[in-house]
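Trainee: turn this into a model:
(chains A and B)
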Amino acid sequence: MSKLRLYQIAVVAAFILLLEALCLAGVIDKITMPAPHIIVRDFIRMILAGRYFDEIGKSLANVLIAFASAYLTGVIIGTILHGHKTTREILDPLFATYYAIPVFAFYPLFIVMFGLGDGPQVLIGFMLAIVAVIVTTLNGLDRVPTVLKKTAQVNGLNALQTARHITLPFCAPYLLTAAKLALAYAFIGVIGSEFIMARSGMGYEISYAYTNFDNATMYPLILLILLLSIAANSLLSRWERVLLARRGQS
Amino acid sequence: MQRQEGTTLRNTVILIVGLFLVWELAYLVVGDVALRSPWQTIQFLSKLMQTDLFWLHLADSLKAFGVALAIAVALGLLIGFSLGLHRLSGDAMEPMLVALYSIPKITLYPVILLAFGIGISAKIAFGAIHGIIPVALFTLGAVRTIKPILIKTGRVLKLGPTDMVREILFPAAVPEIFTGIRVGFSLTLIGTVLGEMFAAQRGLGYLLMSAISLYNVDLIMAVTFLLVVLAAAVNTLLLVIDRRLHHAG
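Mentor: Next comes the predicted model:
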């Protein structure tokens, strides 16, 4: 095991032990936060009993819908924009400012427009994710070396063949980065919306448990969301590093 | 340079006009049930701005946001510099900070509420945790990429850690740190508003959520519009300064 890994494990372990000590010593009272070992116990119980599986499934399904639609649309828009220089220049300030805008502020408006169903939540996830995909796709396409494009021309490849043999393989790491960002944003969008106002889903259950002082439900659910997002992020990051290392860019 | 700035300005104007046109079109399609036209929204907003209640909410949001930003920048710089100066710590903590950056922080809000209680301190804490990580990450990156010769010069001059940061590291890292503060600014604002939307008794986010229960479309549109314009305007300004700093350096 590398020194780096040991360091990271030590930091996490120290943090958890500190929390445990503070909870047991009563510095953090039970109403604020149960001790970490109790959270883990409740978490295991929750999973074994299969509680909230419907809610979890529903949230994850919405995340997937938001992710997939934002990813597909984003890659298509990015590819089209790459060929339209003027349109792209006009949209550039929008892309540069987009993530400074509180997209969640649109949630109440969407609730009024579409009702309090899954629609507004998926739409917020979609809106958060799509611009990251467009920008990353454009970034990847910009970096295709001219020599590769010329090679394609010399060999008389048509547009489809160029895409298959040149552009797609070259852009693969960028497409992966786009997927990683889109998934994180879709997750934040859907869970966040459920949390603010919804009738079901993991985020809703957390806010419901909060209102009812139900720490035995709230903390395991928070733990689950943290684990899911960190796991997805580190898996995709690892894959990204493998792709980049193969190219000798890492 | 001059000409490029001219085209950027022209493009921005076209973009803004285009966005208003899309909005107007959406209004014509959806109708009065759930939308207001740009003109109606601006009119309602100007009327809203004449009420004392509005300024009370705005002041509360700004106060929470200002304190949160100050905390985020101070802690972010502290974390960034201390990790950046120690190679192993920096290498080990960077991926962990990135992972923390990508989690839906909103799920941590109940924990903060339980710790601080509903009120301005919870909003401040929630805004600050959104802003700290980007400031820390950009500072960390900046400190690491500083030319070794600058640091060696500092060592030769026998500067202590404080002087090292003040005289060498900070000036060399300013452009990157500014980028971090710009991103931190946006995220702190988002965090503060988000906090107000979930649980608060005051602030623009609260005003927005209270409008849903009253089904007050005018109010929803006006506050959303105001938030978007504020965030976009400040970010554009910061972006201009950011680009100047990077070009000068």
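Trainee: next, the buried residues of whichever helix or strand A:Gly119 is part of.
Mentor: In the assignment (DSSP states H and E), A:Gly119 maps to helix A:118-142. Residues of helix A:118-142 classed as buried by neighbour count (16 or more other C-beta atoms under 10 Å in any protein chain shown): A:118, A:120-138, A:140-141. In short, each C-beta sits where N, CA and C put it, glycine included.
Trainee: what does stretch A:150-167 give?
Mentor: A:152, A:157, A:162, A:166-167.
Trainee: what about chain A, any weak spots by pLDDT?
Mentor: Along chain A, segments meeting pLDDT under 70 span A:1, A:248-250.
Trainee: separation between the residue of chain B most remote from its centre and B:Leu150?
Mentor: Most distant residue from the mean C-alpha position of chain B: B:Val156, 39.0 Å away (C-alpha atoms, centre = their mean). For B:Val156, the distance to B:Leu150 (C-beta to C-beta, to the nearest Å) stands at 11 Å.
Trainee: next one: A:Phe126
Mentor: Here the distance between A:Phe126 and B:Leu150 works out to 45 Å (C-beta to C-beta).
Trainee: do B:Ala122 as well
Mentor: 42 Å.
Trainee: so the two - more neighbours on which side?
Mentor: Ranked by neighbour count (other C-beta atoms under 10 Å in any protein chain shown), B:Ala122 and B:Leu150 place B:Ala122 first, with 22 against 14.
Trainee: check contacts around the more buried one.
Mentor: If a contact means C-beta atoms under 8 Å, 6 or more residues apart in numbering or on different chains, then B:Ala122 has B:109, B:112-113, B:115-116, B:195, B:199 as its contacts.
Trainee: pLDDT wise, what is B:Met1 at?
Mentor: Listed pLDDT for B:Met1 reads 47.
Trainee: report pLDDT for B:Trp249.
Mentor: No Trp there; residue B:249 is Gly. Looking at B:Gly249, its pLDDT is 52.
Trainee: okay, now the nearest residue to B:Ser37 once chain neighbours are set aside: neighbour count?
Mentor: Excluding the flanking residues, the one nearest B:Ser37 by C-beta to C-beta, 6 or more residues apart in numbering or on different chains is B:Tyr27, at 4.5 Å. Neighbours of B:Tyr27 under the rule other C-beta under 10 Å: 19.
Trainee: farthest-separated two in the buried residues of stretch A:150-167?
Mentor: Greatest spacing in the buried residues of stretch A:150-167, by C-beta to C-beta: A:Leu157 and A:Thr167 (10.4 Å).
Trainee: how near is the residue lying farthest from the centre of chain A to chain B?
Mentor: Using C-alpha atoms, centre = their mean, the residue of chain A lying farthest from its centre is A:Val154. It sits 40.5 Å away. Using C-beta to the nearest C-beta, to the nearest Å, we find A:Val154 at a distance of 34 Å from chain B.
Trainee: so for the top helix by length along chain B, what's the average pLDDT?
Mentor: The helix spanning the most residues in chain B, taking DSSP state H as the definition, is helix B:52-85. Averaging pLDDT along helix B:52-85 gives 93.
Trainee: only the buried residues of that helix, if you could.
Mentor: Residues B:54, B:57-58, B:60-61, B:63-65, B:67-69, B:71-73, B:75-77, B:79-85 are the ones in helix B:52-85 that count as buried (16+ other C-beta under 10 Å).
Trainee: what of stretch A:193-200?
Mentor: Those would be A:193-198, A:200, for stretch A:193-200 by 16+ other C-beta under 10 Å.
Trainee: and chain B, which of these contact it?
Mentor: Among the buried residues of stretch A:193-200, proximity to chain B is found for A:195-197 (C-beta under 8 Å from any C-beta of the partner chain).
Trainee: tell me which helix or strand the residue positioned nearest the centre of chain A sits in.
Mentor: Nearest to the mean C-alpha position of chain A, by C-alpha atoms, centre = their mean, lies A:Ala184 at 0.7 Å. For A:Ala184, the element it lies in under DSSP H and E is helix A:168-196.
Trainee: quick check: what element follows that helix along the chain?
Mentor: Trace forward from helix A:168-196 with DSSP H and E and the next one is helix A:202-211.
Trainee: elements contacting whichever helix or strand comes after that next one?
Mentor: Once helix A:202-211 ends, the next helix or strand along the chain (criterion: DSSP H and E) is helix A:215-246. With contacts taken as 3 or more C-beta pairs under 8 Å, 6 or more residues apart in numbering or on different chains; DSSP states H and E, helix A:215-246 sits against helix A:36-49, helix A:168-196, helix A:202-211, helix B:87-102, helix B:109-116.
Trainee: tell me how far the helix or strand just after the first one is from the chain's mean position?
Mentor: Per DSSP H and E, the first helix or strand lying C-terminal to helix A:36-49 is helix A:53-83. Relative to the centre of its chain, helix A:53-83 is centred 10 Å away, using C-alpha atoms, centre = their mean, to the nearest Å.
Trainee: and helix A:53-83, is it in reach of chain B?
Mentor: No - on the criterion C-beta under 8 Å from any C-beta, helix A:53-83 is out of touch with chain B, staying 10.1 Å away.
Trainee: now that helix: buried residues?
Mentor: Buried residues in helix A:53-83, counted by 16+ other C-beta under 10 Å: A:55-56, A:58-60, A:62-67, A:69-71, A:74-75, A:77-79, A:81-82.
Trainee: same check on stretch B:83-95?
Mentor: For stretch B:83-95, the neighbour count (16+ other C-beta under 10 Å) marks B:83-85, B:90-94 as buried.
Trainee: ditto for stretch B:207-223
Mentor: Under 16+ other C-beta under 10 Å, the buried positions of stretch B:207-223 are B:207-212, B:216-223.
Trainee: just the ones of those residues in helices?
Mentor: The helices, defined by DSSP H, take in B:207-212, B:217-223 from the buried residues of stretch B:207-223.
Trainee: break chain A into its domains for me.
Mentor: A:1-33, A:34-246 (automatic domain parsing).
Trainee: export the ones you listed to JSON lines and tack on distance to B:Thr179?
Mentor: Formatted as JSON lines, the domains of chain A follow (distance: least, C-beta to C-beta, whole Å):
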{"stretch": "domain A:1-33", "distance to B:Thr179": "26"}
{"stretch": "domain A:34-246", "distance to B:Thr179": "12"}
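Trainee: give me the low-pLDDT residue ranges for chain B?
Mentor: Residue ranges of chain B with pLDDT under 70: B:1-5, B:249.
Trainee: in stretch A:235-244, which residues are buried?
Mentor: For stretch A:235-244, by 16+ other C-beta under 10 Å, it's A:236-237, A:240, A:243.
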